[in-house]
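> got a structure for you, letters missing:
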């Protein structure tokens with residue numbers, strides 16, 4: 001599925017003089033978007049978009065990979081900066097090989113990591129070769 005198929009408001013039509021286009025997009029239209037690597041191999045789809053509430057920026061996309069019909073999927077938090085939108089193929093591109101993604105730090109739907117933890121964020125960004133968008137604030141409870 002791609003963002004144009006989920007566009008209930010007609011924002012992403014090919015007309016250049018109307019709508020926000022691919023430079024400014026509604027988060028709900030990105031859920032379910034396909035993610036592929038540079039070879040065109042399917043790496044899964046976006047299940048969630050995580051916002052850093054202190055900076056107002058997108059921190060991660062949660063990618064679902066593997067499994068069948070939603071069963072046995074492994075989830076991965078991928079730094080937003082590691083994803084590039086391919087407006088021709090209407091998908092996101094993540095520059096990672098399938099086996100590297102399969103070995104990435106992941107989690108299941110019932111056991112999410114503490115994504116606000118600075119050490120966790122540093123490890124994830126390092127794994128995907130990214131620089132964190134901004135330091136997350138200290139986690140307090």
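Thanks, I have it. As the structure is a prediction and not an experimental result, all values here were calculated from the model.
> and the pLDDT for the residue nearest to the spatial centre of the chain?
Nearest residue to the geometric centre of the chain (Cα atoms, centre = their mean): residue 61, 2.5 Å. As predicted, residue 61 sits at a pLDDT of 95.
> distance of it from residue 47?
The gap separating residue 61 from residue 47 is 8 Å, by Cβ to Cβ, to the nearest Å. In this view, the C-beta of every residue, glycine as well, is placed from N, C-alpha and C.
> which secondary structure elements does the longest helix along the chain contact?
Scanning the chain for the helix with the most residues, using DSSP state H, yields helix 118-127. Counting by 3 or more Cβ pairs under 8 Å, 6 or more residues apart in numbering; DSSP states H and E, the packing neighbours recorded for helix 118-127 are strand 74-79.
> measure the residue nearest to the centre of the chain to residue 125 for me?
Distance from residue 61 to residue 125, by Cβ to Cβ: 13 Å.
> rewinding a little: the residue nearest to the centre of the chain pairs with what?
residue 49, residue 78 (DSSP bridges).
> what sits against it?
The contact partners of residue 61, by Cβ atoms under 8 Å, 6 or more residues apart in numbering, come to 30, 35, 46, 48-50, 77-78, 80, 83, 92.
> now the buried members of the residues you listed.
30, 35, 46, 50, 77-78, 80, 83, 92 (16 or more other Cβ atoms under 10 Å).
> of all those, which comes closest to residue 117?
residue 77 (11.4 Å; Cβ to Cβ).
> residues contacting the residue nearest to residue 128 when sequence neighbours are not counted?
Spatially, and ignoring its direct neighbours in sequence, residue 128 is nearest to residue 82 (4.4 Å; Cβ to Cβ, 6 or more residues apart in numbering). Residue 82 is in contact with 94-96, 128-130, counting by Cβ under 8 Å, 6+ apart.
> counting neighbours, which of these comes out on top?
residue 94 (23 neighbours; other Cβ atoms under 10 Å).
> that one bridge partners, please.
Bridge pairing for residue 94 - DSSP bridges - gives residue 83.
> quick one: contacts for it?
Taking Cβ under 8 Å, 6+ apart, one finds 35-37, 43, 63, 78, 82-84, 101, 128 in contact with residue 94.
> shaky segments in the protein?
1-22, 67-72, 133-141 (pLDDT under 70).
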